[in-house]
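>>> how does the following fold in three dimensions:
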Amino acid sequence: MKTSIDNILREKINDYIEICDYLFKNPELSGQEYNSSRYLKDFLQGRGFKISNPVKHLLPTAFVARFPQDAPAD
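Down below sits the predicted model:
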């Protein structure tokens, strides 16, 4: 199992670096992460995730990302 996780991490390392670089270069105040939230939603949607905002009225930057084999996002 450790080998499988290591392989997945190696395959995805550039994605993780891209996310970290974006967040580092575009800081936002707590509770006001509108650009970061949009960036992460777009990033995940581009990789096949389904995005929903079940508590948008309470936490406008919060979201749920589910991969297609998971339960429906909405």
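
>>> for the residue nearest in space to the middle of the chain, which non-adjacent residue is spatially closest?
Taking CA atoms, centre = their mean, the centroid of the chain lies closest to Leu40, which sits 4.2 Å from it. With CB to CB, 6 or more residues apart in numbering as the criterion, Leu40 has its nearest non-adjacent residue at 7.2 Å, and that residue is Ile19. No exception for glycine: its C-beta is placed from N, CA and C like everyone else's.

>>> coming back round to it: now do the buried residues in the helix or strand hosting the residue nearest to the centre of the chain.
Leu40 is part of helix 34-45, with elements assigned from DSSP states H and E. Neighbour-count burial for helix 34-45 flags 36-37, 39-41, 44 (criterion: 16 or more other CB atoms under 10 Å).

>>> got a list of contacts for it?
Residues outside helix 34-45 that contact it (CB atoms under 8 Å, 6 or more residues apart in numbering) are 15, 18-19, 22-23, 26, 28, 51, 60-63, 65.

>>> make it 6 Å
22-23, 26, 28, 51, 61, 63, 65 (CB atoms under 6 Å, 6 or more residues apart in numbering).

>>> between the worst-scoring helix or strand of the chain on mean pLDDT and helix 34-45, how many degrees?
Ranked by mean pLDDT, DSSP states H and E, the helix or strand of the chain with the weakest confidence is helix 2-25, at a mean of 91. Going by axes from the mean of the first three to the mean of the last three CA atoms, to 10 degrees, helix 2-25 is angled at 150 degrees with respect to helix 34-45.

>>> thank you kindly, that will do.
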